[in-house]
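[1] Dropping the sequence and predicted coords here.
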Amino acid sequence: MTENANTQAAQTTREVWTLAEQEEGRLRPVSYELLAWGKRITDKLKGIDPERPAPLCSVVLGANVDRTDVQELIQHGADKVYVVEADGLERCLVEPYAAVLGNLLTERKPEVMIAAATSMGRTLMPYLAIRLTTGLTADCTGLDVDEETGNLVQTRPAIGGNILATIVTAHHRPQMATVRPHSIRPLERDEGRTGEVVEIEPDARLLASKVEWVGFRSVEQDDANVQDAEKVVSGGRGLKRAENFEVVRDLAQSLGAAVGASRDAVDRGWVSYPHQVGLSGKTVTPRLYVALGISGAIQHLAGMKTADCIVAINSDPDAQIFQVADFGVVGDLFEFLPVLKEEIERRKSEEEQA
Amino acid sequence: MNIIVCIKQVPETSNVRMDEETGTMVREGVESIVNPLDLYAIEAAIRLREENGGRVTVLSMGPPNAEKAVREAMAMGCDDGVLVSGREFAGSDTHATSYCISRAVLKLSPFDLVMMGVRATDGDTGQVGPGVAAFLDMPLCTYASRMMGVEDGRITIERLLESGYETLRLPMPCVVTVGKEIGYPRLPTLRGKQRARKADVAMWGPAALEVDAAMLGLKGSPTRVVKITKPKVTRSGRVLDLAKVGAHEAAHELVDFLEENNLL
């Protein structure tokens, strides 16, 4: 059943692969972030043994992948892009995706395979790791290379963010990891950069899926996509009433942010579950997280405390959220937010004029 | 319809204390509970049984005292309980765990569905569901948000992705990880508790599972935890009090702060 594709470290090509994600042929932004992680690893590998090449490669599966985006992968650091196209690979169905990617990994023997910790990466990678008989570390917030062994050193939070575990896959290849979206900034785009594009037509036998795709409906507003957002504004119990949740949407709009919520707000029906941030909702790592009327229960903190910058506004000076905040305001939300919004608009229009 | 629900016993993590010296969790006085996210899988399984008939078997792997978690699930309404336990399993990563669970599931054949929560709140990997599907070579649906019907040996399921809901139709038997939108988990009833207390929980060790010993525990785990540290919370933590500085001054400073960090 399980194809044993496990190889010794010495037999790998030292290629480091990242899995680019596409939707209707266009690459998702996280595809470029993964290359920034990959570059750290290839740089380290080259440092350990400058004689052996350590190419940074992206692999993308799809049916009609935008070629400008493929070039963009190269401009963001890829030395080589494997483009695998076939009908049936339009969207990620586990069986064909795992079969096609598994075959490719077995054939090309990269040292490392990194994917995003998205619903796709978190579904496909653990399935694939079993098929390849190798280890996978989920939801990493840090990746490094051990200079003595050359092994990938993977860091991830566990137990509700209360510990950081360092994990290695010493004897199995490829070393697989998923990393959280927004855990790194993409590399500066270099339009002069060149790289190789390898077109691959997969064996039709690999494309069979026992699972049938029936349909897709997008959520009512795209502001619910808290996981992909650079900025998130969240509301909690402190908003007191459903209609008050509007102030969260308002501020989110001013800042160009997605709308998040604590479990309290979702359980009260003020906003739908896809907005929920926390242990039983989504884990987010935006550049900016603004918590409005959220006390900061550990379950909520676990879902957002790795944000680059946290702003908290709460009437209770002892609220736990202030312990993780970079900037806190103690006071009445409804008094403060209109003034804040005005100030943001004023500053933005000043900038536009400047 | 025969359903196997896999659950994990986890420490109640809302009040975790860490040993500052060793960097490990203080386990004394920490209550063990059924992984809260597995409760949604139990709920979904019981609802499917209510609609389609059949039995729900709860399956867990863990130390002997995880029997308590199995009985809790039975008190909610699961019919049978199995605990996979033994020293040989200790130190298993998600790879070895997926293997053992898949062997236990096979021993419970025939079945139509294997269900579990999207992840456990302690390890927080979410890898065992897909791992079990891969070992069993069965169709997989993760992040299920709604069961849309069972017909002709196939189940239609809606699942939550980043940008919306995807609907898949899977032939059974298959593996499903269940999210929170499936419905609020029911509480154990008094009768359920009484029944669960008296019920037999099967205890299966490595021999019962007919597993390959080399694939268990640390030996069977490709990944290894080499270090555990406490994350540093490094926040500058400037806090302004509206009552003291006034809304305008606070707004001004906050927007300055956002601007400095290029966040406007």
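    Received it, and whenever you're ready, just let me know what you need.

[2] where does the chain dip in pLDDT?
    This is for chain A. A:1-11, A:220-222 (pLDDT under 70).

[3] that's the wrong chain, I meant chain B
    B:13-27, B:232-234, B:236.

[4] In the stretch 1-150 of chain B, mark out all the helices, start to finish.
    For the stretch 1-150 of chain B, helices defined by DSSP state H, counting those that start in this stretch occupy the ranges B:38-52, B:67-76, B:94-107, B:128-136.

[5] One more: chain A?
    For chain A, the helices defined by DSSP state H occupy A:30-48, A:67-75, A:94-108, A:121-131, A:246-255, A:263-267, A:298-304, A:333-353.

[6] and the ones you listed, which is most packed in?
    helix A:121-131 (a mean of 26; mean count of other Cβ atoms under 10 Å in any protein chain shown). To be clear about C-beta, it is placed using only N, CA and C from the backbone, and glycine gets the same treatment.

[7] chain center to it, what's the gap?
    16 Å (Cα atoms, centre = their mean, to the nearest Å).

[8] Report the inter-axis angle for it versus helix B:128-136.
    For helix A:121-131 against helix B:128-136, the angle by axes from the mean of the first three to the mean of the last three Cα atoms, to 10 degrees is 30 degrees.

[9] Show me what helix A:121-131 is packed up against.
    strand A:16-20, helix A:94-108, strand A:112-116, strand A:136-140, strand A:175-179, helix B:94-107, helix B:128-136, strand B:140-151 (3 or more Cβ pairs under 8 Å, 6 or more residues apart in numbering or on different chains; DSSP states H and E).

[10] For stretch A:112-119, C-alpha coordinates in PDB please.
    Backbone C-alpha positions of stretch A:112-119 (Å, rounded to 0.1, in the frame of the first residue of the first chain) are rendered in PDB as follows:
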ATOM      1  CA  VAL A 112      13.100  19.400   1.900                       C
ATOM      2  CA  MET A 113       9.500  20.000   1.000                       C
ATOM      3  CA  ILE A 114       7.700  23.000   2.500                       C
ATOM      4  CA  ALA A 115       4.000  23.800   2.100                       C
ATOM      5  CA  ALA A 116       1.700  26.400   3.600                       C
ATOM      6  CA  ALA A 117      -0.300  25.500   6.700                       C
ATOM      7  CA  THR A 118      -3.500  26.300   4.900                       C
ATOM      8  CA  SER A 119      -6.500  23.900   4.600                       C
END
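
[11] what sits up against that stretch?
    A:16-19, A:21, A:28, A:30-31, A:33-34, A:37-38, A:41, A:105, A:121, A:124-125, A:138-140, A:143, A:152, A:174-181, A:227, B:142-143, B:159-162 (Cβ atoms under 8 Å, 6 or more residues apart in numbering or on different chains).

[12] Repeat the analysis, applying 6 Å as the threshold.
    The contact list for stretch A:112-119 (Cβ atoms under 6 Å, 6 or more residues apart in numbering or on different chains) reads A:16-19, A:30, A:34, A:37, A:41, A:121, A:125, A:139, A:152, A:174-178, A:180-181, B:143, B:161-162.

[13] Pick out the residue of the stretch 101-250 of chain B closest to chain A.
    Closest approach between the stretch 101-250 of chain B and chain A, counting by Cβ to the nearest Cβ: B:Leu242, at 2.6 Å.

[14] and that residue, how many residues sit next to it?
    B:Leu242: 20 surrounding residues under other Cβ atoms under 10 Å in any protein chain shown.

[15] quick one: it and A:Gly331 touch, right?
    Yes. Counting by Cβ atoms under 6 Å, B:Leu242 touches A:Gly331, with 2.6 Å between them.

[16] The closest residue to B:Pro110 other than its chain neighbours: neighbouring residues, count only.
    Excluding the flanking residues, the one nearest B:Pro110 by Cβ to Cβ, 6 or more residues apart in numbering or on different chains is B:Asn2, at 6.6 Å. B:Asn2 is flanked by 20 other residues according to other Cβ under 10 Å.

[17] One more: the one 3 residues further on?
    Neighbour count of B:Val5, defined by other Cβ under 10 Å: 26.

[18] For it, give its distance to A:Ala224.
    29 Å (Cβ to Cβ, to the nearest Å).

[19] cool, and B:Ala75?
    For B:Ala75, the distance to A:Ala224 - Cβ to Cβ - is 35 Å.

[20] Name the residue in those two with the higher neighbour count.
    The neighbour count for B:Ala75 versus A:Ala224, taken as other Cβ under 10 Å, is higher for A:Ala224 (24 against 20).

[21] What's the local residue count around the residue nearest to that one when sequence neighbours are not counted?
    If the residues on either side of it in the chain are set aside, A:Ala224 comes closest to A:Pro274, at 4.4 Å by Cβ to Cβ, 6+ apart. Number of residues near A:Pro274 (other Cβ under 10 Å) recorded here: 27.

[22] Also the one 5 residues further on?
    Around A:Leu279 sit 24 other residues, with neighbours defined as other Cβ under 10 Å.

[23] residues contacting the residue of the stretch 51-200 of chain A found nearest chain B?
    Residue nearest to chain B within the stretch 51-200 of chain A (Cβ to the nearest Cβ): A:Gly135, separated by 3.1 Å. Contact partners of A:Gly135, counting by Cβ under 6 Å, 6+ apart, are A:169, A:172, B:222-223.

[24] would TSV of those with neighbour count be doable?
    Converted to TSV, the contacts of A:Gly135 look like this (neighbours: other Cβ atoms under 10 Å in any protein chain shown):
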residue	neighbour count
A:Thr169	25
A:His172	22
B:Pro222	24
B:Thr223	26
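
[25] May I ask which two of these are separated the most?
    A:His172 and B:Thr223 (8.4 Å; Cβ to Cβ).

[26] Residue 182 - how many residues pack around it?
    Using chain A. Neighbourhood size, A:His182 [other Cβ under 10 Å]: 22.

[27] I was thinking of chain B, sorry if that wasn't clear
    22.

[28] Quickly note the distance from the residue nearest to it when sequence neighbours are not counted to chain A.
    Leaving out its chain neighbours, the residue that sits closest to B:Ile182 by Cβ to Cβ, 6+ apart is B:Ala44, at 4.6 Å. Taking Cβ to the nearest Cβ, to the nearest Å as the measure, B:Ala44 falls 15 Å from chain A.
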